[in-house]
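**Student:** predicted model follows, preceded by the sequence.
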Amino acid sequence: MSEVIASQRARAIFFGALLGLILSKGLSLTPGFSLDDYVFVNQGASITQSLVQGRFTQAALFAILNNLGVSSPSIAFPGTLLFFIAAGSAITMGILFATRSKGSVTAQAGIAAIIGSYPYLTEYSTFRESIFTQVIAFTLLTLIFALVSVLERLKPKVGLVGTMVWLIIPLLAIAGTIQTAMMVVFLFIFSRLVIDSVTIGGINGLKQSLQSHSALIITFLFSGIIYAMLFVFSQTFAGTHLDGRASLISISDIPLRLNDIANLFKFVFLSTEPVLSSAVKFLLLATIIGSILKIGINKPQVAIGCIVIFIVLSAGSIFLVSISAAWWPVPRAIYGIGFTYGLTLIAISIWLDKYQGLFIGMIVTIAAGLIFHSNALLYDQLRVNRWDLWTAGALAHDLANAGVNQNEKIYLIGGLKYSSAPKTVYRDLNISAFSDSSTVNYIMQEATGREWNVVAIEGNSDVCPPEYLWPSKKSIRTIQQRVIVCMGTP
């Protein structure tokens, strides 16, 4: 009977996660281009770049695709469908692991939808080249939780050695796919540790929880040490260290970084940002704080546990970007924030006895808000792609009328900013392909089917005054035997 109930709980949570994933990321089933996608479609995946970033599992995937002559963006449709299943399974298994199948299943199904629909995770879907990487990462995440479940049933026969034998390779593989997924494993383990501790109660609860999870914790830490060594080897094998994101921050930069981290926390949890409004964040925090206060009246230790989960998981979610030499806190790099909210709410759902109806109502409302924001993010990408294609085609026509052919070197000066720029533009998210030298050739190629020799460079008002900005007829000129096009919005 217990297995039937567990199966029904798993199906309900999986349905919630899958619904959140599909409703928030369904638009990614349509063809779309991030800046990286233009490069991947035309050049293929860079195995060296993956190795420099310590993503050796991803490098193996890209090597297979390159040998098959297939680009990852071109197979994003089946990849996205598989991602929905893999991510839904991972979220479900993780919640069952963290809660030991306790708490309101209805609330937890809704919380699974929140995790699946959070816009930070959705940003990865704008990078069609990364979809299969995410499929592997979340499949490995599912496998890890499934193995942990099996190992717990075999206790005490397995022990530390057995746990290491079964889990080290999947943990190394998931870290080598994308390091953020490895941190998600930590988020679930820590949540389980705290939930078990407060369930037992007191210092004795903490001791028992640490003891019962000692093999898992040691295995995770040991895997992290081995991965660090493999990371160094991977970079050495690649023979280049050009990516600041793959290097550790210097000691002298730590004071400035602490200020960056403080501002990031304020931005992530309180401010309106391009991918998520402060209104939804307010609902999330209000639900968490209100529920914790309600629990704390009768169970203060549980309330403290929920607060600890939220604080530690928040820090864990930004840990990787915090120690990186290059400060690059794009949403996709800190998508653990969605898991932070989700796991805190999951812990609350175990002990919130009264006001379940209100709690579930807030969960559904929040999930709807996250789904709407995720759709706006993906929809804006399609808009920018459409504008870029039209601009590239019109520019090619104007160049032909000016007597310029695609073999000549053409300098696009000043980049391109659309006056109707979408609200979801942030760093490299939903920006024009004309804004980057690595992609400007490819957008011209996508629009015309011909190869071009185009370079995008910074401009100045002396060379390109406002009246010379494209699409003005004066925008295309030859200066010192160079064909230049003054881009921008007049």
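**Tutor:** Good, I have the coordinates.

**Student:** every contact and neighbour count from this point should use C-alpha atoms.
**Tutor:** Will do.

**Student:** and residue 35, how many neighbours?
**Tutor:** By the other C-alpha atoms under 10 Å criterion, the neighbourhood of residue 35 contains 23 residues.

**Student:** do the one 3 residues further on as well
**Tutor:** Residue crowding around residue 38 was assessed by other C-alpha under 10 Å; the count is 25.

**Student:** list the helices and strands the helix or strand hosting it packs on?
**Tutor:** Applying DSSP states H and E as the criterion places residue 38 in helix 35-43. The contact analysis (3 or more C-alpha pairs under 8 Å, 6 or more residues apart in numbering; DSSP states H and E) places helix 35-43 against helix 437-448.

**Student:** what does the helix it packs on contact?
**Tutor:** Helix 437-448 is contacted by residues 35-36, 38-39, 42, 388-390, 392-393, 396, 433-434, 450-457 when judged by C-alpha atoms under 8 Å, 6 or more residues apart in numbering.

**Student:** just want the angle from it to helix 35-43.
**Tutor:** With axes from the mean of the first three to the mean of the last three C-alpha atoms, to 10 degrees defining the directions, helix 437-448 sits at 70 degrees from helix 35-43.

**Student:** quick check: longest helix of this protein.
**Tutor:** Across the chain, the longest stretch assigned as helix under DSSP state H is helix 356-401.

**Student:** OK, contacts around the residue nearest in space to the middle of the chain?
**Tutor:** Residue closest to the average C-alpha location in the chain (C-alpha atoms, centre = their mean): residue 332, at 2.8 Å. In this structure, residue 332 makes contact with 120-124, judged by C-alpha under 8 Å, 6+ apart.

**Student:** quick revisit: convert the helix holding residue 38 to CSV, retaining C-alpha atoms only.
**Tutor:** Provided in CSV are the C-alpha atoms of helix 35-43 (Å, rounded to 0.1, in the frame of the first residue of the first chain):
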residue,chain,number,x,y,z
LEU,A,35,24.3,34.7,-29.9
ASP,A,36,26.0,31.4,-29.3
ASP,A,37,23.5,29.5,-31.5
TYR,A,38,24.6,31.5,-34.6
VAL,A,39,28.2,30.3,-33.9
PHE,A,40,27.2,26.7,-33.2
VAL,A,41,25.1,26.4,-36.4
ASN,A,42,27.8,27.7,-38.6
GLN,A,43,31.1,26.6,-36.9
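
**Student:** which SSE is immediately downstream of it?
**Tutor:** Per DSSP H and E, the first helix or strand lying C-terminal to helix 35-43 is helix 47-52.

**Student:** show me what that following helix is packed up against.
**Tutor:** Under the contact definition 3+ C-alpha pairs under 8 Å, 6+ apart, helix 47-52 sits against helix 56-68, helix 214-238.

**Student:** one step back: residues in contact with the helix or strand following the longest helix of the chain?
**Tutor:** Going down the chain from helix 356-401, the next helix or strand is strand 409-413, by DSSP H and E. Strand 409-413 is contacted from outside by 452-459, 464, 482-487, using C-alpha under 8 Å, 6+ apart.

**Student:** pull up the pairing partners for strand 409-413, direction included.
**Tutor:** Strand pairing for strand 409-413, using DSSP bridges, gives strand 453-457 (parallel), strand 482-486 (parallel).

**Student:** rewinding a little: CSV for the helices and strands packed on helix 47-52, including mean pLDDT, distance to residue 145 and mean neighbour count?
**Tutor:** Listed next are the helices and strands packed on helix 47-52 as CSV, based on pLDDT from 0 to 100; distance: least, C-alpha to C-alpha, whole Å; neighbours: other C-alpha atoms under 10 Å:
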stretch, mean pLDDT, distance to residue 145, mean neighbour count
helix 56-68, 94, 19, 18
helix 214-238, 91, 11, 17
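
**Student:** select, out of the ones you listed, the one closest to residue 157.
**Tutor:** Closest approach to residue 157 among the helices and strands packed on helix 47-52 (C-alpha to C-alpha): helix 214-238, 12.2 Å.

**Student:** other SSEs contacting the closest one?
**Tutor:** Other helices and strands packing on helix 214-238, by 3+ C-alpha pairs under 8 Å, 6+ apart, are helix 47-52, helix 159-177.

**Student:** so which of the contacts of residue 332 are in helices?
**Tutor:** Among those, the members falling in helices (DSSP H) are 120-124.

**Student:** pLDDT on stretch 72-91, on average?
**Tutor:** Mean pLDDT, stretch 72-91: 97.

**Student:** what does stretch 266-278 rub up against?
**Tutor:** Where contact means C-alpha under 8 Å, 6+ apart, the residues beyond stretch 266-278 that reach it are 119-120, 279, 281-282, 370, 373-374, 377, 423-426.

**Student:** repeat that for 10 Å
**Tutor:** Contact with stretch 266-278 is made by 118-120, 122-123, 260-261, 264-265, 279-282, 284-285, 314, 331, 334, 337, 369-370, 372-377, 422-426, 429, as judged by C-alpha atoms under 10 Å, 6 or more residues apart in numbering.

**Student:** which of the strands paired with strand 409-413 sits most buried?
**Tutor:** Most buried of the strands paired with strand 409-413 by mean neighbour count (mean count of other C-alpha atoms under 10 Å) is strand 482-486; its value is a mean of 21.

**Student:** burial count for residue 185?
**Tutor:** The burial count for residue 185: 18, using other C-alpha under 10 Å.

**Student:** run a quick neighbour tally on residue 150.
**Tutor:** Residue 150 has 11 neighbouring residues, counting by other C-alpha under 10 Å.

**Student:** the strand or helix carrying it vs helix 56-68, what angle?
**Tutor:** In this structure, residue 150 sits in helix 131-154 according to DSSP H and E. Orientation note: helix 131-154 sits at an angle of 130 degrees relative to helix 56-68 (the same axes, to 10 degrees).

**Student:** any low-confidence regions in the protein?
**Tutor:** Applying pLDDT under 70 to the chain flags residues 1-6, 240-245, 458-461, 489-490.

**Student:** out of the helices and strands packed on helix 47-52, nearest to residue 247?
**Tutor:** Evaluated with C-alpha to C-alpha, those place helix 214-238 nearest to residue 247, the distance being 10.0 Å.
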